[in-house]
Structure formats: structure tokens, C-alpha cells
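Asker: Please find the sequence and the predicted model below.
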Amino acid sequence: MNDIEKRVAELNQLLHKYGHAYYVLDKPLVSDAVYDQLLNELIALEKENPSLIYPDSPTQRVGGVPLQGFKKVTHNYPMLSLSNAFGEEDLRDFDRKIRQSIGNDFSYVCELKIDGLAISLRYENGVFVQGATRGDGTVGEDITANLKTIHAIPLRLNEPVTIEVRGEAYMPKKSFEALNKARADKGEELFANPRNAAAGSLRQLDPKIAASRNLSTFIYAIGGDGEAYGIDSHAEMLDYLETLGFPSNKEREFCETIDDVLAFINKWTENRPHLPYEIDGIVVKVNRYAHQDELGYTAKSPRWAIAYKFPAEEVMTTLLDIELTV
Ligand SMILES: CC(C)(CNC(=O)c1ccc(Oc2ccccc2)cc1)c1ccc2c(N)nc(N)nc2n1
């Protein structure tokens, strides 16, 4: 390797590490100025030596020309949906069915249900090769170019594994408020909520627009069987995703009983307004894979998981009240 090749390799390594620390761990290692200076040095070296541009170089996040359309992508594993629980009784029914099936010696993992857009990411030998929307669960749309602009999505993993993962792309509340303020100032139509704003951003054909929208993501599942990676529970799978370099939501907890689950739900019903992103519910999963395999799946969702949905905001009833009183 000559000196330029060495410097390009070193800059790729440094910028990957600093980007992960900043966007995934939220623990910056260098100032923005230092990061930008290194990135500009790499951009200049790549311009002079195009043969040294790595596919997973941080300079490749914002693609070139806008797409003509989105290709269809068939997921290697179906992107299943979650059955819903709307209250305590639904949750106790869910719990009763599980105990009837596998007995009492199991744990739940509770996690926040991020109000965004479900995505699937495919990596080959540790390199991000394709990203898609959920679509109908079997066939989605290829939005790789737009997903590459999300800094929380690693372009390269810490291990050269071939893996397909699922998660939620979302727009943080502060980015949503800033975007709508900018649109209001330009007399443009506003987005109704961060979920629509995230979905609208990822549906853009020009990646430069998606790149301007400050999107982020949390990854919550490996497509298909985690056993292939030597994991035997949901909690271990989330830790494994983090070691690979994926962002996973840290507000997850083990819950031994359905009463613990209800306590977790009450805590986050209370704390929800203080989160920097919107959530539309709480996801409850049986932890161990052996138990998940025993419980199995219906046609479209696992029997070992359920999503408790928060009651819809009462803001609509207030508007209706106003209309009814005039
Ligand atoms: C549990 C699962 C449905 C993901 N799991 C899968 O999609 C999945 C897919 C094939 C699997 O294996 C199969 C392979 C072939 C056939 C059937 C199953 C296993 C899991 C899900 C869905 C939505 C979630 C959400 N919005 N937030 C959180 N926090 N978690 C979520 N978890």
C-alpha cells in the first residue's frame, strides 16, 4: 500500500468509528469541526484517486442523481406484523394463552414501539447492500439510496457477517418541529406527525432530500432465525446487534410477570412526552427462542409477541367539541 492508499484506509476507519460514536452511541469522540475536516480530506483524496473510493466510504452516504422510481424487493424472510392489545384485559388474555402453552417459567422483554416506518436492511460480509420498506411484508420497495443518508445506519458492520435486520426509521421530534417551521415559513403544506414526515422523506426519489431530513433508526430484529448467529434469546439478539454496530433502543427491560409489563406500560405512558422521538405503543415479547419456537406464528404475526397501543390522542374530540358548540 502506498502512502495515499494508507491515508484513505485510515480516514475510512476513523470516520466510521467517529460516526458510530456520534450517531449510534450518542457519545461524540471528536468535535464536528474535526469530523468535517477529516471528511473533506477523504473527499479530496477520493476525487484525485477515484479507484480508492470504498463502496462503504462515509462519502458515499448521499447518492448522486435522483432515482426514476423504486425497484421491488422480495424479503428473504417475511416482515411479520404484531397483533395488538388495547388494554389490560387483552394483555392478560395474551399472558394466559402463553402460560397455558409453555407454563410459567419464562420472561418477557418489553420495548418501546417507535412511531416510524418499518425497514429491512441487508448486509453481505458486513457491508450494507440493500434497504427496503416493509411493503406487504413479503415485497417492499428498494430505498437503499435514501437509507444510506441515515447516519445511524452503519455502511459497514464491526464483523463481516451476512445478515438481514429489521427496524424502524423515524424522525426525532426536534427535527419534525424544525422541518414544519421551515415549511410554514415557505407557505408549504405541513406534515401531520413525525411518522408521516419520515415516510414522506424516505419516499423521495432524490436522496439529497432524505439526507436533509435528519432521520434516525432503531434496529429490533434479525430476519429469520437468530440461532444461526449462536443466539438463543431476544435480549441476547439485541446485545449482538449492538456489538455489530447497530443502534438499538436502550429503554428495554425484562418483565417476569404481566403485572411487571403493566408497570412498564404505565411508566412510559407517563414519560412518553419527554422522549426525543414519538412512540405509539409498547412491544411485549417472550424472551427465549425455544419458547418462541414452541408458540410459533399465525399467518401474519408471532404468537409470542404483542403490541400494546396507546389510546389515540384526545385532541380530535376537542376539535369536534368546538365544532359541535358553534
Ligand atoms: C417481532 C417482529 C414481528 C419482528 N420479527 C419478524 O419480523 C420476524 C420475521 C420472521 C421470523 O422468522 C420466520 C421465518 C420464516 C417464516 C416465519 C417466521 C421471525 C421474526 C416485530 C415487528 C414489529 C416491531 C416493532 N414495530 N417494534 C419492535 N420493537 N419490535 C417489533 N417486532
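Answerer: Thanks, I have it.
Asker: thought residue 68 was touching residue 205?
Answerer: Yes: between residue 68 and residue 205 there is a contact under Cβ atoms under 8 Å: 7.2 Å. For glycine as for every other residue, the C-beta is placed from the backbone atoms N, C-alpha and C.
Asker: Give me the more crowded residue out of these two.
Answerer: Taking neighbours as other Cβ atoms under 10 Å, residue 68 and residue 205 compare with residue 205 leading, 15 against 6.
Asker: Please report phi then psi for the more buried one.
Answerer: Main-chain dihedrals, residue 205, degrees, to the nearest 10: phi -80, psi -20.
Asker: Same check on residue 221?
Answerer: phi -160, psi 150.
Asker: First-to-last residue distance for stretch 50-58?
Answerer: End-to-end distance of stretch 50-58: 14 Å, with Cα to Cα, to the nearest Å as the criterion.
Asker: How about residues contacting it?
Answerer: The list of residues contacting stretch 50-58 from outside it, by Cβ atoms under 8 Å, 6 or more residues apart in numbering, reads 4-5, 8, 12, 15-16, 19, 39, 42, 45-46, 59-60, 127-128, 155-156.
Asker: Mind checking which of those are buried?
Answerer: Among the contacts of stretch 50-58, those classed as buried by 16 or more other Cβ atoms under 10 Å are 8, 12, 15-16, 19, 39, 42, 45-46, 59, 127-128, 155-156.
Asker: just the strands in the stretch 201-326 of the chain please.
Answerer: 216-222, 253-255, 279-286, 305-309 (DSSP state E, counting those that start in this stretch).
Asker: Just put those in CSV and tack on mean neighbour count.
Answerer: CSV is the format used below for those (neighbours: other Cβ atoms under 10 Å):
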stretch, mean neighbour count
strand 216-222, 23
strand 253-255, 16
strand 279-286, 22
strand 305-309, 22
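Asker: a markdown table for these, including mean pLDDT and distance to the ligand?
Answerer: Formatted as a markdown table, the strands of the stretch 201-326 of the chain follow (pLDDT from 0 to 100; distance: least, Cβ to the nearest ligand atom, whole Å):
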| stretch | mean pLDDT | distance to the ligand |
| --- | --- | --- |
| strand 216-222 | 97 | 4 |
| strand 253-255 | 98 | 13 |
| strand 279-286 | 98 | 4 |
| strand 305-309 | 98 | 5 |
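Asker: Quick one: closest of the ones you listed to residue 161.
Answerer: Set against residue 161 and scored by Cβ to Cβ, those come closest in strand 216-222, at 10.1 Å.
Asker: Direction included, what does that closest one pair against?
Answerer: According to DSSP bridges, strand 216-222 forms sheet pairs with strand 163-170 (antiparallel).
Asker: Counting neighbours, what do you get for residue 164?
Answerer: 19.
Asker: so who does the nearest residue to it once chain neighbours are set aside touch?
Answerer: Closest residue to residue 164 apart from its sequence neighbours, by Cβ to Cβ, 6 or more residues apart in numbering: residue 223 at 3.9 Å. Contacts for residue 223 (Cβ under 8 Å, 6+ apart) come out as 75, 76, 77, 79, 120, 164, 165, 166.
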